[in-house]
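Visitor: here's a sequence, model it:
(one chain, ligands or ions: 1)
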Amino acid sequence: MVVGDVSTGTEVLVIGAGPGGYVAAIRAAQRGLDTTLVEKDAYGGACLNRGCIPSKALITASGLAHEAGNAEEMGIHADPAVDLAKMIDWKDGVVDRLTSGVEKLCKANRVNLIEGEASFVDEHTARIAHGGEGQGSETVEFEHAIVATGSRPVAIPGFDFADDHVWTAEAALSADSVPDRLVVVGGGYIGMELATVYAKLGSSVTVVEMLEDILDPYEDDVKRTVRKRAEALGIEFHFGEGATGWSTGPDGGYLIETETEAGETSSYPADTVLVAVGREPVTGTLAVENAGIETTDRGFIETDDRTRTAVEHVHAVGDVAGEPMLAHAASHEGIVAAEVIAGEPAALDQQAIPAAVFTDPEVATVGMTEADAEAEGFDVAVGEMPFNASGRALTTGHTEGFVRIVADADTGFVLGGQIVGPEASELIAELTLAVEMGATLEDVASTVHTHPTLAEAVMEAAENAQGQAIHTLNR
Ligand code: FAD
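Guide: Residues are numbered from 1 along each chain as shown. This next block holds a predicted model:
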């Protein structure tokens, strides 16, 4: 049989096997729907292969080396030698384990897997082009489709990702050496996480950011805490400057050129430049217009709160459907899409979607800030607990930052929280559960927390919001 002649049918066609797509496919199969998942590259998508997991592996490894080398106060004198090739091998091992796990889970749930690139032919047909010369294509007829094609890094004029010294985040996660001088263009979460990794591995790091601070849109005191620590790690910041290009430097390296809005130019020496200015949706080769779907000016697919596009039987989830462009949001959307297709009353809950930044210290938020809650007309009760008053934080040597809890003063309902400090990405789960369940300050404050733990700071912040804190002065 000629490969190009194959034609199959499926109830649900999922395009893209990142955290949006593979989760959607498994949930659809669990609901008894005949489900086909198409992936053109690697199972697990950007998250497992080029994003969340590899970056967190290197954040852990570089953090360990840095901690060990900076623990004299605790009586530890060490000068750890970093073998970058081994570190990257270890990271690759973690990634391989997880990506093969995704494939096995899909198979175990009876999801049909197809390797190839999908594009729409019409509202109920997709063509899958198999990779490699002469591999042909096949046609899949579907009743429902879920587009989960993700995103890729935005390129900027003057920087070509094909040049060895111009890194995407992916290149930074698979480097073969630590550059002496690294310029990071973009002080968002990806830029800041990787700036921290390379500062800890010994690079001299300069961050260039067009805005006036890092980590837009977090609150000022959150940004300040991360920036001060980054500066203590030796990271240099230049705000209000956009990178325009590079030239060859006098010492064989490069000069990264920038310009302010007023036209003032500067240049910073570098051996490598990491461009991390944002991500854009992957819709280019999908031919969504053949399915009757229009994309926005920036290429995103618009959806409703049940993940449906303008064409009701075609859903879009994850980064391709826009903010929040986060792995757990993609998975949540994937589950909603599958359940809606299965006829269940599922819908998105945007209120309790947390976000975390794995800088040093970490940042994590959920729900409303104080300003958001005031803008929504709430009489707001706010409580805080600084980590320098936490016994457990002191025993870890990491005391920067705070937990802030935001609640409705009238009812006590927890509306949101912001954490900057050690293990913020873990601690936010408690506040996320509180927002999701409609818990009150009283619920959080009267829950007995293990001592000594960082989580006690969440309880203390809730007590503080009630004017009942024991270990801090009440507001
Ligand atoms: P993706 O993960 O991008 O997956 C899309 C998949 O679709 C890809 O595998 C792609 O090959 C496939 N595909 C595309 N087009 C086609 C086609 N036509 N046919 C077949 N297959 C196709 N998020 C967090 O929540 N926490 C973090 O700590 C975090 N860290 C990050 C660090 C970095 C460096 C980066 C780059 C991202 C990070 N993210 C993080 C973001 C996270 O990776 C994304 O939000 C998430 O991967 C989005 O999932 P998705 O399923 O929408 O898309």
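Visitor: flag every buried residue along the single longest strand found in the chain.
Guide: Determined from DSSP state E, the single longest strand within the chain is strand 137-147. Of the residues in strand 137-147, 137-138, 140, 142, 144-147 count as buried by neighbour count, 16 or more other C-beta atoms under 10 Å. (Glycine included, C-beta is placed from N, CA and C.)
Visitor: ditto for stretch 311-321
Guide: Burial within stretch 311-321, assessed by neighbour count using 16+ other C-beta under 10 Å, is assigned to 314-321.
Visitor: among the buried residues of strand 137-147, which pair sits farthest apart?
Guide: 137 and 144 (21.4 Å; C-beta to C-beta).
Visitor: for stretch 128-137, list the C-alpha coordinates in PDB.
Guide: What follows is stretch 128-137, C-alpha atoms only, in PDB (Å, rounded to 0.1, in the frame of the first residue of the first chain):
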ATOM      1  CA  ILE A 128      -0.800  14.400   8.500                       C
ATOM      2  CA  ALA A 129       2.500  14.800   6.700                       C
ATOM      3  CA  HIS A 130       5.000  12.200   8.100                       C
ATOM      4  CA  GLY A 131       8.500  13.400   8.800                       C
ATOM      5  CA  GLY A 132      11.400  12.500   6.500                       C
ATOM      6  CA  GLU A 133      11.600  12.200   2.700                       C
ATOM      7  CA  GLY A 134       9.300   9.800   1.000                       C
ATOM      8  CA  GLN A 135       7.300   9.100   4.200                       C
ATOM      9  CA  GLY A 136       4.100  10.400   2.700                       C
ATOM     10  CA  SER A 137       1.000  11.600   4.400                       C
END
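Visitor: what sits closest to residue 49 if chain neighbours are left out?
Guide: In this structure, residue 49 finds its nearest non-sequential neighbour in residue 42, 4.9 Å apart by C-beta to C-beta, 6 or more residues apart in numbering.
Visitor: quick check, that neighbour in contact with residue 99.
Guide: Yes - between residue 42 and residue 99 there is a contact under C-beta atoms under 8 Å: 5.9 Å.
Visitor: is the residue nearest to residue 49 in a helix, a strand, or coil?
Guide: Under DSSP: H, G, I helix; E, B strand; the rest coil, the three-state class of residue 42 is coil.
Visitor: give me the pLDDT for it.
Guide: The model reports residue 42 with a pLDDT of 97.
Visitor: which parts of stretch 442-461 are buried?
Guide: Under 16+ other C-beta under 10 Å, the buried positions of stretch 442-461 are 443-445, 449, 453-461.
Visitor: go on, stretch 226-240?
Guide: Buried residues in stretch 226-240, counted by 16+ other C-beta under 10 Å: 226-227, 229-230, 235, 237-238, 240.
Visitor: out of the residues you listed, which one sits closest to the ligand?
Guide: Using C-beta to the nearest ligand atom, residue 226 comes nearest to the ligand of these, at 14.9 Å.
Visitor: name the helix or strand for that closest one, please.
Guide: In this assignment (DSSP states H and E), residue 226 forms part of helix 220-232.
Visitor: show me what that helix is packed against.
Guide: With contacts taken as 3 or more C-beta pairs under 8 Å, 6 or more residues apart in numbering; DSSP states H and E, helix 220-232 sits against helix 189-201, strand 236-239, strand 362-367, strand 414-421.
Visitor: highest average neighbour count across these?
Guide: strand 414-421 (a mean of 28; mean count of other C-beta atoms under 10 Å).
Visitor: tilt between it and helix 220-232?
Guide: 10 degrees (axes from the mean of the first three to the mean of the last three C-alpha atoms, to 10 degrees).
Visitor: in its sheet, what does strand 414-421 sit against?
Guide: Note on strand 414-421: by DSSP bridges, its sheet partners are strand 362-367 (antiparallel), strand 402-408 (antiparallel).
Visitor: interface residues of the stretch 351-475 of the chain facing the ligand?
Guide: residue 358 (C-beta under 6 Å from any ligand atom).
Visitor: now do the stretch 151-300 of the chain
Guide: By the rule C-beta under 6 Å from any ligand atom, the part of the stretch 151-300 of the chain lying against the ligand is 151, 169, 190, 282, 285-286.
Visitor: in a markdown table, list these along with pLDDT and secondary structure.
Guide: A markdown table is the format used below for those (pLDDT from 0 to 100; DSSP: H, G, I helix; E, B strand; the rest coil):
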| residue | pLDDT | secondary structure |
| --- | --- | --- |
| 151 | 98 | strand |
| 169 | 98 | helix |
| 190 | 98 | helix |
| 282 | 97 | coil |
| 285 | 89 | coil |
| 286 | 96 | coil |
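Visitor: which ChimeraX command selects the buried ones in those?
Guide: Typed into ChimeraX, the line below selects the buried ones among those, using 16+ other C-beta under 10 Å:
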select :151,169,190,282,286
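Visitor: quick check, nearest of the residues of the stretch 151-300 of the chain next to the ligand to the ligand?
Guide: residue 169 (3.6 Å).
Visitor: please consider this matter closed, and thank you.
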